[in-house]
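Trainee: What shape does this take:
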Amino acid sequence: MGGIIGRGIKLILIELGVIFPERIINFVILPLAILFIGLLLIGWIKFFIDRQVLKKCKHGVRFGVAEGICEDCFQKSENNKNTKPLVEDETIVRVKETLKTIPGICRCCALPVKIRYQHQPIPEGIELKYDPEEIKGWQYEYKKVVHLTHYPPQKYYLDVCDNCYKARAIGFVKEVKYGSWLESLGKSLGIFFWVVLIILFFDLVQLTPDTISWIVVSYFGATLYIRYVYERETTTASTKAAKAMDEFNRESDDITRTLALIDRMDKEAEEARERIRVRNASGINEIDKMSGIQFEQRLAAYFIHKGFMVKTTATSGDHGADLIIEIGNRRIAIQAKRYGKQSVGNKAIQEAISGRIMYDCNEAWVITTSTFTKSAYELADKADVKLIDRSELIKMLGNSLSTAATS
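Mentor: Residues are numbered from 1 along each chain as shown. Sure, this is the predicted structure:
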C-alpha cells in the first residue's frame, strides 16, 4: 500500500512539474501522506460508529427524536422555529424588571425560584455541640439528625430559576480535557506493535530505513490523534450548570428528608411520653396486684369521680353485674374482670347481658385488665355490649380528659 501511495504521489508531482529527491519523498512526503490518509480513515470510522452504531449527534449526545439529532438539539430547533418576537407592554416590562430585584425571583425570567436548604457553615475553632465519637456507631441518617438538631439548615435562593440556571449557564465555561501523553503513547505503541508484527509475519514490507521512518512518523501521528481527538472530553457550560444544579437539589432534598425524620421522631417521642404518663397515672401496675373486689372498688371510685351515681351489687349472686352506674338517662351494668394473662371469653359477655336485663339497664359494659377473645368481640357486637380491654382501661383511668365514660 505504501508503494502504491508513493508511486501515486510521484506521478502527481511529475504532472505538476515538481521534482523532489527520492529520499525526500520516501522519508517525508510518503509518511505524511500515509498519516493524513490514516487520520481521515480513522475519523471516518469514528464518525460512522458514532452516527450508525452509537446513535450520537454532532456534539456527542445520543439521539432518538429524529435522525441525526439529539433531543436537546431538536427542542432548540423547534423552539427557534416557533419563537416569534413578542412586544410587551412597557408597564409589564417595568414590573418584570422590578420583580427581578426581589430575592426568590429569577433575575432572568422573573419567575419564582425554588426554596432550598444548605448546611449551616461551622467556623473553624468552634467546638461542636455534640461529640462525633458518640455517634460513630449510629446509622448515617441519625448522624444527620444530630447535626441538623444542633445546627439548623439555612434557607437560600439562587439568583435565577432552575431552567435559566441550566440554559444560560451563568458563571460556567466550556472545559476541554485531553488524554495524558503517557497513556496516548502507550496505546499507540500497542497498536503499532501488532502492525509491525503482522508486517514481519506475512513479509508484507521490507524493513528498510524508509519504512522504519514511515512507521515512526505514523506512530507519533497516531499518538497525536489519540490524545487530541480520540481521548478528548468536552464538558459544555450547560452540562456543568446541570451538574451543579443536581448537587444543589441533592443536598436540599437530603436535608428536607432529614427534617421530616426529625419531626416524625419528635412526634413519636411526644406520643411515647404521653403513653408513659397515662400509664403511670392509671395506676395499672397497682391494679395488677389487686383482687377482683379491690378492682371493682377502684372502678367505682373512678366513676364517682366522673360524676356517676354508683351502686355495688352483692359479691355473690350478682346476676352478672358488679357495678350499676347512672348519669342522666343512662343506666349501665358493668361486669369487671381482673384477669392476668388469660383472655376474657363469651361467659363474661353473657353475664353482662344478664345483668343489663336483671337491673333494668339500657347499656352493658365489660371491663378487664386483660384482653378479649375473638368470639367475645363477635358476641358483644351482636348483643350491643361495650368491651373495654387493658389498653382502653389504661387510657380511661390515666387520661383525665378521656371520654370513655361518656361515649
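
Trainee: need the contact list for A380.
Mentor: By C-beta atoms under 8 Å, 6 or more residues apart in numbering, A380 lies in contact with I349, V366, F372, K386, L387. Heads up, the C-betas are built off the backbone N, CA and C, glycines and all.

Trainee: From Y359, how far out is it?
Mentor: Distance from A380 to Y359, counting by C-beta to C-beta, to the nearest Å: 18 Å.

Trainee: Check F172 too.
Mentor: To Y359, F172 is 86 Å away according to C-beta to C-beta.

Trainee: and if you look at I199?
Mentor: Separation of I199 from Y359 (C-beta to C-beta): 115 Å.

Trainee: So for those two, which sits in the more crowded spot?
Mentor: Legend: neighbour count by other C-beta atoms under 10 Å for I199 and Y359, higher for Y359 (18 against 15).

Trainee: so what's that one up against?
Mentor: With C-beta under 8 Å, 6+ apart, Y359 has these contacts: T313, H319, A321, I324, R331, A333.

Trainee: now those residues as a markdown table including secondary structure and pLDDT?
Mentor: Shown next, in a markdown table, are these (DSSP: H, G, I helix; E, B strand; the rest coil; pLDDT from 0 to 100):
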| residue | secondary structure | pLDDT |
| --- | --- | --- |
| T313 | coil | 84 |
| H319 | coil | 77 |
| A321 | coil | 89 |
| I324 | strand | 92 |
| R331 | strand | 93 |
| A333 | strand | 93 |
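
Trainee: Any of those residues buried? List them.
Mentor: T313, A321, I324, R331, A333 (16 or more other C-beta atoms under 10 Å).

Trainee: Next, give phi and psi for the nearest residue in space to K337 that is not next to it in sequence.
Mentor: In space, and not counting its chain neighbours, K337 is closest to T368: 4.1 Å by C-beta to C-beta, 6 or more residues apart in numbering. The phi/psi pair for T368 (degrees, to the nearest 10) reads phi -140, psi 160.

Trainee: Can you report how many residues lie near T368?
Mentor: By the criterion of other C-beta under 10 Å, T368 has 23 neighbours.

Trainee: What of T223?
Mentor: Residues near T223, counting by other C-beta under 10 Å, number 21.

Trainee: pretty sure it contacts S188?
Mentor: Yes: when contacts are counted by C-beta atoms under 8 Å, T223 is listed as touching S188 (4.3 Å).

Trainee: Who are the contact partners of I215?
Mentor: By C-beta under 8 Å, 6+ apart, I215 lies in contact with F192, V195, V196.

Trainee: What is the burial count for the first one?
Mentor: F192 is flanked by 16 other residues according to other C-beta under 10 Å.

Trainee: nearest spatial neighbour of it, skipping sequence neighbours?
Mentor: Closest residue to F192 apart from its sequence neighbours, by C-beta to C-beta, 6+ apart: Y219 at 5.0 Å.

Trainee: mind listing the strands for this structure?
Mentor: Using DSSP state E, the strands found in the chain span residues 63-66, 69-70, 116-118, 154-156, 175-177, 233-235, 309-312, 323-327, 330-337, 363-368, 386-388.

Trainee: Alpha carbons of stretch 345-360, as CSV, please.
Mentor: The C-alpha coordinates for stretch 345-360 follow below in CSV (Å, rounded to 0.1, in the frame of the first residue of the first chain):
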residue,chain,number,x,y,z
GLY,A,345,-64.4,-15.1,76.8
ASN,A,346,-68.1,-15.3,75.9
LYS,A,347,-69.2,-16.1,79.5
ALA,A,348,-68.5,-12.6,80.7
ILE,A,349,-70.5,-11.1,77.8
GLN,A,350,-73.4,-13.4,78.7
GLU,A,351,-73.2,-12.3,82.3
ALA,A,352,-73.2,-8.6,81.3
ILE,A,353,-76.3,-9.2,79.1
SER,A,354,-78.0,-10.9,82.1
GLY,A,355,-77.1,-8.0,84.4
ARG,A,356,-78.5,-5.5,81.9
ILE,A,357,-81.8,-7.3,81.9
MET,A,358,-81.9,-8.0,85.6
TYR,A,359,-81.2,-4.4,86.7
ASP,A,360,-83.3,-2.7,84.0
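
Trainee: Looking at that stretch now, give me its mean pLDDT.
Mentor: On average, the pLDDT along stretch 345-360 is 91.

Trainee: same check, this time on stretch 232-252
Mentor: Stretch 232-252 comes out at a mean pLDDT of 85.

Trainee: One more: stretch 198-217?
Mentor: Stretch 198-217 shows a mean pLDDT of 70.

Trainee: Show the end-to-end separation of it, please.
Mentor: End-to-end distance of stretch 198-217: 18 Å, with C-alpha to C-alpha, to the nearest Å as the criterion.

Trainee: what does stretch 114-126 give?
Mentor: Here the two ends of stretch 114-126 are set 31 Å apart, with distance taken as C-alpha to C-alpha.

Trainee: Return the set of buried residues in it.
Mentor: For stretch 114-126, the neighbour count (16+ other C-beta under 10 Å) marks R116, Y117 as buried.

Trainee: got it, and stretch 378-386?
Mentor: L379, A380, V385, K386.

Trainee: what about the nearest residue to the last one once chain neighbours are set aside, neighbour count?
Mentor: On the basis of C-beta to C-beta, 6+ apart, the spatially nearest residue to K386 that is not a chain neighbour turns out to be W365, at 4.7 Å. The criterion is other C-beta under 10 Å. On that basis, W365 has 24 neighbouring residues.

Trainee: ok, W365 touching A333?
Mentor: Yes: W365 is within contact range of A333, at 7.3 Å (criterion: C-beta under 8 Å).
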